[in-house]
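Participant: coordinates only, sequence not included:
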Ligand code: SF4
Ligand code: SF4
């Protein structure tokens, strides 16, 4: 399974993320750092699917915590638009996940990743 | 500007099914501004079509290009080579752009990727509204600059219809009653007297009812 994680570099530590994600024969997980989750647009996310991702996770900072005020709100809406588009395309809903960071740290991401893998398998 | 919306991916797949080399052609003018058919949307729609093609084994080979204006020969020429090396064109221009391309490449199927909706404005971020139906004989000066043909659901030149609720149109409660707006606007500019005159029936010959319209400017023809 191929999963791509886009994350806001203000809300996640890149090293911690990489250390906690293991690639194996069955699963490939790629990470893409963003200066703000609001930097994603529909094309970034669709391109991930075009290039073989089975699922995409977008990690945004918590409510009212965006360094650029509303980047996380825009990111969520764009991800929702991609989810609808994937449904139109015939891939169904649920492959595009948005995680708003809470205080669980990296565990929140690894749990969501395992859940997505389970849902898609 | 002309406002358009993309067709759904299943509609586009159905239109393109059976073709292999496809040029998705964007337009850099109105449809770029209304976020339907500019360079970015060309990439988004192309990406979606590639994913759809992979799933359904449709074998699409998609090329992307955006020109400044699809309704203008000078710019269409810049797309000639790309159009010629593909089997079909999926135009993300408005209806005029699609036809301008089709008329110049007689051997090439040219399909509309958008639904052209109306002449309108960006009301606020992500919201466009219709303002003009291009009737060919503008009467805005009589109605305080608010078009009763476009913005009144019953196109009433002598309104209101009497059905409005508060300030909402009875046909589209999500929209304001155009006649309420006309009244307020004329009151604001001290021209309420205009409403005392009954407007005669409009001559629709200047509109689509008179057949496809053409404008000839002899002073520009030599
Ligand atoms: S009166 Fe005719 S030309 Fe003027 S805004 Fe209305 S539809 Fe457009
Ligand atoms: S409620 Fe107002 S806008 Fe709606 S149809 Fe009647 S007059 Fe026209």
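Facilitator: Good, I have the coordinates. Just so it is clear, the structure is predicted and the values come from calculations on it, not from any experiment. Ligands and ions are numbered 1, 2, ... in the order given.
Participant: What residues sit buried inside the helix or strand of chain A with the lowest mean pLDDT?
Facilitator: Ranked by mean pLDDT, DSSP states H and E, the weakest helix or strand in chain A is helix A:14-19, scoring a mean of 88. By 16 or more other CB atoms under 10 Å in any protein chain shown, the buried positions in helix A:14-19 come out as residue A:17. Any C-beta I mention is one placed from the backbone N, CA and C, and that applies to glycine too.
Participant: which residues are contacting the helix of greatest length in chain B?
Facilitator: Counting residues, the longest helix in chain B under DSSP state H turns out to be helix B:39-56. Residues from elsewhere that reach helix B:39-56 (CB atoms under 8 Å, 6 or more residues apart in numbering or on different chains): A:41-43, A:46-47, A:49-50, A:85-86, A:88-91, B:6, B:9, B:12-13, B:16, B:22, B:24-26, B:28, B:31-32, B:35, B:58-60, B:62, B:64-66, B:90, B:92, B:113.
Participant: Which members of the residues you listed occur in strands, if any?
Facilitator: Within the contacts of helix B:39-56, residues falling in strands by DSSP state E are B:6, B:22, B:24-26, B:62, B:64-66, B:90.
Participant: what about the residue nearest to residue B:173 when sequence neighbours are not counted, how many neighbours?
Facilitator: Spatial nearest neighbour of residue B:173, excluding adjacent residues (CB to CB, 6 or more residues apart in numbering or on different chains): residue B:165 at 6.8 Å. Counted by other CB atoms under 10 Å in any protein chain shown, the residues lying close to residue B:165 total 9.
Participant: could you measure residue B:165 against chain A, distance?
Facilitator: Using CB to the nearest CB, to the nearest Å, one gets 31 Å for the distance from residue B:165 to chain A.
Participant: Residue B:200 too?
Facilitator: The gap separating residue B:200 from chain A is 48 Å, by CB to the nearest CB.
Participant: swap in residue B:151?
Facilitator: 28 Å.
Participant: dump the residue contacts of that residue.
Facilitator: Counting by CB under 8 Å, 6+ apart, residue B:151 has contacts B:130-131, B:175, B:178, B:181.
Participant: hmm, back to that, looking at the contacts of helix B:39-56, which are in helices?
Facilitator: A:42-43, A:46-47, A:49-50, A:85-86, A:88-89, B:9, B:12-13, B:16, B:31-32.
Participant: how about the residues of chain B near ligand 2?
Facilitator: B:152-154, B:156, B:159-161, B:163-164, B:169-171, B:177-179 (CB under 6 Å from any ligand atom).
Participant: Among the residues you listed, name the buried ones.
Facilitator: So, by 16+ other CB under 10 Å, the buried ones in the residues of chain B next to ligand 2 are B:152, B:159-160, B:164, B:169, B:177-179.
Participant: Surely residue A:36 is in contact with residue A:70?
Facilitator: No: Residue A:36 is beyond contact range of residue A:70, at 9.8 Å (criterion: CB atoms under 8 Å).
Participant: secondary structure class for residue B:199?
Facilitator: coil (DSSP: H, G, I helix; E, B strand; the rest coil).
Participant: what about the residue lying closest to it once chain neighbours are set aside, distance to ligand 2?
Facilitator: Of all residues not flanking residue B:199 in the chain, residue B:157 sits nearest, at 4.0 Å (CB to CB, 6+ apart). Noted for residue B:157: a distance of 11 Å to ligand 2, by CB to the nearest ligand atom, to the nearest Å.
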